[in-house]
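Engineer: Kindly return the folded structure for what I paste below:
(2 chains)
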There are 2 protein chains.
Amino acid sequence: MLTYSAPLRDMRFVYEELLQGGELQSLPGMEDVSPELLGAVLEEAARFCEKVLLPLNQSGDQEGCRFENGQVFTPKGYREAYRQYMEGGWPSLSCDPAYGGQGLPHMLHCMVGEMICSTNLSFAIYSELTHGVYELLHQYGTDELKSLYLPPLAEGRWSGTMCLTEPQCGTDLGLIRTRAVLQEDGSYQLNGGKIFISAGEHDLTENIIHMVLARTPDAPPGTKGISLFLVPKIVPQADGAPGPANGVECVSIEHKMGIRASSTCTLSFNNAKGWLIGKENQGLRAMFLMMNRARLWVGLQGLGLAETGYQNAVHYARERLQGRALKGPVKPDKPADPIIVHPDVRRMLLTMRAYNEGMRAMSVWAAARLDHSERQTDRKTRQEAEDFIALITPVIKAFFTDLGFEATNLAIQVYGGHGYITENGIEQLVRDARIGQLYEGTNGIQALDLIGRKLPAHAGRHLRTFFQPLEAYLNKRRNHPHLAPMVGAVAKAFGRLQRASVQIALKGMQDPDEGAAVAYDYLQLFGLVALGWMWLRMSETALAKLENDPQGFYKAKIATARFYMEKILPRSGSLFSSIMAGAPAITEFETDRF
Amino acid sequence: MLTYSAPLRDMRFVYEELLQGGELQSLPGMEDVSPELLGAVLEEAARFCEKVLLPLNQSGDQEGCRFENGQVFTPKGYREAYRQYMEGGWPSLSCDPAYGGQGLPHMLHCMVGEMICSTNLSFAIYSELTHGVYELLHQYGTDELKSLYLPPLAEGRWSGTMCLTEPQCGTDLGLIRTRAVLQEDGSYQLNGGKIFISAGEHDLTENIIHMVLARTPDAPPGTKGISLFLVPKIVPQADGAPGPANGVECVSIEHKMGIRASSTCTLSFNNAKGWLIGKENQGLRAMFLMMNRARLWVGLQGLGLAETGYQNAVHYARERLQGRALKGPVKPDKPADPIIVHPDVRRMLLTMRAYNEGMRAMSVWAAARLDHSERQTDRKTRQEAEDFIALITPVIKAFFTDLGFEATNLAIQVYGGHGYITENGIEQLVRDARIGQLYEGTNGIQALDLIGRKLPAHAGRHLRTFFQPLEAYLNKRRNHPHLAPMVGAVAKAFGRLQRASVQIALKGMQDPDEGAAVAYDYLQLFGLVALGWMWLRMSETALAKLENDPQGFYKAKIATARFYMEKILPRSGSLFSSIMAGAPAITEFETDRF
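Structural biologist: Residues are numbered from 1 along each chain as shown, chains lettered A, B, ... in the order given. Have a look, this model is predicted:
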């Protein structure tokens, strides 16, 4: 059985010491968001996650969801946990106070989100998608729809879904066939089928609000003819009370490698009533708002699962007695030493630790930038924050889920054969982590997004929000008495990233396959450099506090940073070589010979 | 549902064109082992694996083993498949003709083994461990035991197990507590418990022969007091007919991440009757013979599963229509192009291909060396082959299973979200592949074996069996008109491996943690170089045949080699950096701070 203790100390280090509260208190509506407030909410969240969600994680995986006559029943205990989740006010954390929300920052939501993913990813999927639907409706809905739908969504009484995928189209949304026909009352009638709909049907909420991509009869072909519709499971009356059931049927649920307590549904829309969201044929643009938020959140899943993996691996490595330290017994009174004395076990633990604390710093930093992108009054600063979020979203989604999968596998490895046994709970983390690399756009698609959309956008404007401050940061510290070696390591990796960017830009102009063939390596290189920067900044913060360090917290930060620089960051070299070798080894292989 | 077609063409390339039949026909008893004979047996094996084993793979995973009152029932169809396996004579392939065997080479057994692992790893575990028991008994058993036990083991009527692990000891066998007391009739009485015993109980064979590590009453503590015993489930009479049931009880079976059709048993020995194998207190030495064979075979599991992953990913990538080639539609008549046109999909497929064909060449080459190590009449040549096998065993076990896990995950990634769905079968490959990195000694333990035992052995004699011929090979081809760039790439990686070896030898003498901390990186570097050499040799062979290449087989070999050199081998650079940074970042981290 897994254990988990929310990393509150490390979170406080990040939001308070490293990021100075994300400088949120200067933003309108955020004046009261002090580090103390954040700390108090995080402690509450930790309690909920540790006491309510974690105990259901393994039993939920074992039991799975049950499908019966179009209804989905979540595993034992999920309904009660969801009730407590609502009562705690968690659904409305960062929602707009005008529509039932608490108006707290994304930065806080991010840290709470990490804890929920750490303790019960299946549960998180029910709760978090709702938030995306809320934001989408908040931005694109009519006042009437907003008044009717947003409050119960913020409350968590209703939940939400994204309905994109159809059997013949996942990545390629231009192939969507679901049809929507305008009715006399201004609503639309939808017909078609969707697959892989997370939380598409379940027993946790009174209503489920589907955001559905579909085509109107005279829509142009491809992605330019896709519109977005709100389709409730139960059509609410004007006062929000339940009206008639809508023509939405859950046909089946999937059997999956992991996230088994989360229902993944095939939905059939049969003359279902829906309402247009945003403008006709501009549905993808609106949906991308939700998808981009969801992508940031999927990145958090990688971090959350990796953290649980790390904690349990450390625990196991302290308890499990096997062999002796090579330099002589550490526990001579015991039959053997704990395996944490073995360098290869420490290598695995430090790898996880370096990933996790690096990801945490980066995710909270990005979430604070997201708050700035929405609330900054200064137009230029706001635009920069927006550009940065656009740039970093695919990196966080893909790099974090890749690291999360690697880290949870390292946790299994620390357990040895015991990690393979279901009862020990650790292999579930790997199965749950695997989905993050696939949904909300596979990680290969994220890499194409980074290289094909984000890099060239506005002649590199997105990229500059990362490159320029990093360059300035490094330049200022090249001769820092203590940081210089780490600055050198990051500068070297950053130099490779810069040269790779130039090469891709130049070659990609002549041949689009040149960028596509190295996109995945490039995203990895980008992620390594970004985490390297985080580790530099964390080291600098920790260095200033070493004199008052009774727990050795800051010393450990610097030691982990060193590990990252010496053992992880060198991967930038092989990625760089692979990128510079270009596309031919990939594109010239004859397709028939595969 | 997965498909599989045995890679007979590539196998033929390896054993006939690349390795000239492993030069086996010069060995005593191998005079008739012609490429034609090998080809005929492989075709038969392919039919059995494709038609009998593959169809049971997914149903076996779904159904799992059933445990009832100490008995284990394998999934539906496994008994019948095992009967056909016996009837086909597969258990006795490389067994000694003096004891019911066919006397065929390990090289052939290796390729058949790959196919069995490709099509049904759970089944393979029942069948293959028996072979290890056969070899162990063949080498260390008395004539009486050999006559009684070897023929039914070769026939497959009886199966075998390795009983090492106990709850308090996996890696650290010095902690074994199972006790064996000499009886008046010369047999021993065993008491104790073992866990994680693969095929420890099942319904496929008439008898199960356990090879059990235990202590005699006056045994010295630690690994020097461990003896090996043969403990049959049913004590045979002198003529082999079933006698009384022995005191061996299956207490439970494990629920596991994968290999679910394979029973993993907790066994209790209660006054069980056993016979000493080899000398008292020298049981580990004998067991290591079996374990080393098993480790080579576990490496094959990585290859086998990766091959099935590759084949299905290619199939899916050809069929799945999503998006358009960046340079313009390839199938303008279809709603979209097959995803095999996308460079990132091709990158994944080529990565798998480069791994698999490289692993296949190396495994068959190693198996041929194993044949030489057992049959060579020239003492020096035989010793060299033995040394090489000792050296390469941990590399094959760990590197191949790591690549196998990575490759099967790439196969999921090609499928996208569909890869996460159980029914599509591909996620099972990942779950099944994960065990290879854990059992028969975790991959971390393999790395320690390589660096702590194999490198220093006889002042580097093992290492020279790899380094010297590789150096000579490269030196001869530095100016080869076509191979030179690839020779340069391998020489660069090999140079890193050589320097890393020196650094480890020097630093390790002062501090054993220095080797242990970089052992894992070193093993990876070793594996990359070894596969690089394989790809060089394959390219050279293919180059000579390009003029007669109607199917483009040789051209594809060279193209895949290029991919390996440009996209995979550069990883040697980051591993080298990490190794040269040494142990401090790992060993100096304060244990209490984890």
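Engineer: And stretch A:539-551, end to end?
Structural biologist: Distances were taken as CA to CA, to the nearest Å; on that basis the terminal residues of stretch A:539-551 are 16 Å apart.
Engineer: same question but for stretch A:371-389, I mixed them up
Structural biologist: Distance between the boundary residues of stretch A:371-389 (CA to CA) amounts to 10 Å.
Engineer: Report the distance from that stretch to the chain centre.
Structural biologist: With CA atoms, centre = their mean, to the nearest Å as the basis, stretch A:371-389 stands 21 Å off its chain's centre.
Engineer: what mean pLDDT does it have?
Structural biologist: Averaging pLDDT along stretch A:371-389 gives 96.
Engineer: swap in stretch A:233-252?
Structural biologist: For stretch A:233-252, the mean pLDDT works out to 97.
Engineer: and it, does that touch chain B?
Structural biologist: No: applying CB under 8 Å from any CB of the partner chain, one finds stretch A:233-252 out of contact with chain B, separated by at least 10.9 Å. Heads up, the C-betas are built off the backbone N, CA and C, glycines and all.
Engineer: Could you do stretch A:184-195 as well?
Structural biologist: No: under the criterion of CB under 8 Å from any CB, chain B is not reached by stretch A:184-195; the shortest gap measures 8.7 Å.
Engineer: which outside residues touch that stretch?
Structural biologist: Outside stretch A:184-195, the residues within contact range by CB atoms under 8 Å, 6 or more residues apart in numbering or on different chains are A:163-167, A:177-183, A:200, A:212, A:214, A:216, A:229, A:231, A:247, A:251, A:266-276.
Engineer: Leaving out sequence neighbours, find the closest residue to the residue in the stretch 101-250 of chain A that chain B sits nearest to.
Structural biologist: Proximity of the stretch 101-250 of chain A to chain B (CB to the nearest CB) peaks at A:D172, 4.1 Å away. The shortest distance from A:D172 to any non-neighbouring residue, by CB to CB, 6 or more residues apart in numbering or on different chains, is to B:Q322 (4.1 Å).
Engineer: now do A:M111
Structural biologist: Counting by CB to CB, 6+ apart, A:M111 lies nearest to A:M11, which is 5.2 Å off, once chain neighbours are set aside.
Engineer: The one you found reaches A:R360, doesn't it?
Structural biologist: Yes: counting by CB atoms under 8 Å, a contact exists between A:M11 and A:R360, whose distance comes to 7.0 Å.
Engineer: of these two, who's got more company?
Structural biologist: Taking other CB atoms under 10 Å in any protein chain shown, A:M11 and A:R360 do not tie; A:R360 has more neighbours (27 against 23).
Engineer: check contacts around that one.
Structural biologist: Residues near A:R360 by CB under 8 Å, 6+ apart: A:P7, A:D10, A:M11, A:V14, A:E114, A:L303, A:E307.
Engineer: Pull out the buried members of the residues you listed.
Structural biologist: Buried by 16 or more other CB atoms under 10 Å in any protein chain shown: A:P7, A:D10, A:M11, A:V14, A:E114, A:L303, A:E307, out of those.
Engineer: Could you single out the nearest of those residues to chain B?
Structural biologist: Here the nearest of the buried ones among the contacts of A:R360 to chain B, counting by CB to the nearest CB, is A:D10; it sits at 11.8 Å.
Engineer: Isn't that closest one up against A:M359?
Structural biologist: No: here A:D10 lies out of contact with A:M359, judged by CB under 8 Å, at a distance of 11.1 Å.
Engineer: buried sites along the host helix or strand of A:L391?
Structural biologist: Element membership of A:L391 [criterion: DSSP states H and E] is helix A:379-415. Along helix A:379-415, the positions that meet the burial threshold by neighbour count (16+ other CB under 10 Å) are A:384-415.
Engineer: so how far is it from its chain's centroid?
Structural biologist: 7 Å.
Engineer: what packs against it?
Structural biologist: Here helix A:379-415 is seen to pack against helix A:283-319, helix A:343-375, helix A:426-434, helix A:443-448, helix A:461-476, helix A:512-543 when contacts are counted using 3 or more CB pairs under 8 Å, 6 or more residues apart in numbering or on different chains; DSSP states H and E.
Engineer: quick check: angle from that helix to helix A:461-476?
Structural biologist: Here the directions of helix A:379-415 and helix A:461-476 differ by 80 degrees (axes from the mean of the first three to the mean of the last three CA atoms, to 10 degrees).
Engineer: Reformat the helices and strands packed on helix A:379-415 as TSV; add distance to B:P584.
Structural biologist: As requested, the helices and strands packed on helix A:379-415 are arranged in TSV below (distance: least, CB to CB, whole Å):
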stretch	distance to B:P584
helix A:283-319	20
helix A:343-375	11
helix A:426-434	29
helix A:443-448	33
helix A:461-476	24
helix A:512-543	16
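Engineer: For the stretch 201-350 of chain A, which residues are neighbours of chain B?
Structural biologist: By CB under 8 Å from any CB, the part of the stretch 201-350 of chain A that sits against chain B consists of A:254-258, A:314, A:317-318, A:321-323, A:326-327, A:335-336, A:340-350.
Engineer: Please indicate which of those are buried?
Structural biologist: Of the members of those, the ones counted as buried by neighbours, 16+ other CB under 10 Å, are A:254, A:256-258, A:314, A:317, A:321-323, A:326, A:336, A:340-350.
Engineer: mind putting the contacts of A:R360 in a markdown table, pLDDT included?
Structural biologist: Formatted as a markdown table, these follow (pLDDT from 0 to 100):
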| residue | pLDDT |
| --- | --- |
| A:P7 | 98 |
| A:D10 | 98 |
| A:M11 | 98 |
| A:V14 | 98 |
| A:E114 | 98 |
| A:L303 | 98 |
| A:E307 | 98 |
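Engineer: Next, the contact list for A:E44, please.
Structural biologist: Contacts for A:E44 were tallied using CB under 8 Å, 6+ apart; they are A:G88.
Engineer: ok, now how distant is it from A:H106?
Structural biologist: To A:H106, A:E44 is 18 Å away according to CB to CB, to the nearest Å.
Engineer: same deal with A:A286?
Structural biologist: A:A286 is 19 Å from A:H106, where distance means CB to CB.
Engineer: Pick out whichever of those two has more residues nearby.
Structural biologist: A:H106 (26 against 22).
Engineer: what's near enough to touch that one?
Structural biologist: Neighbouring residues of A:H106 by CB under 8 Å, 6+ apart: A:S94, A:A367, A:A368, A:L370, A:D371, A:E374.
Engineer: is it true that A:G240 touches A:L148?
Structural biologist: Yes: taking contacts as CB under 8 Å, A:G240 lies within contact range of A:L148: 6.2 Å.
Engineer: So for those two, which residue has more residues nearby?
Structural biologist: More neighbours sit around A:L148 than around the other of A:G240 and A:L148, counting by other CB under 10 Å; the figures are 20 against 16.
Engineer: Alright, calling it a day.
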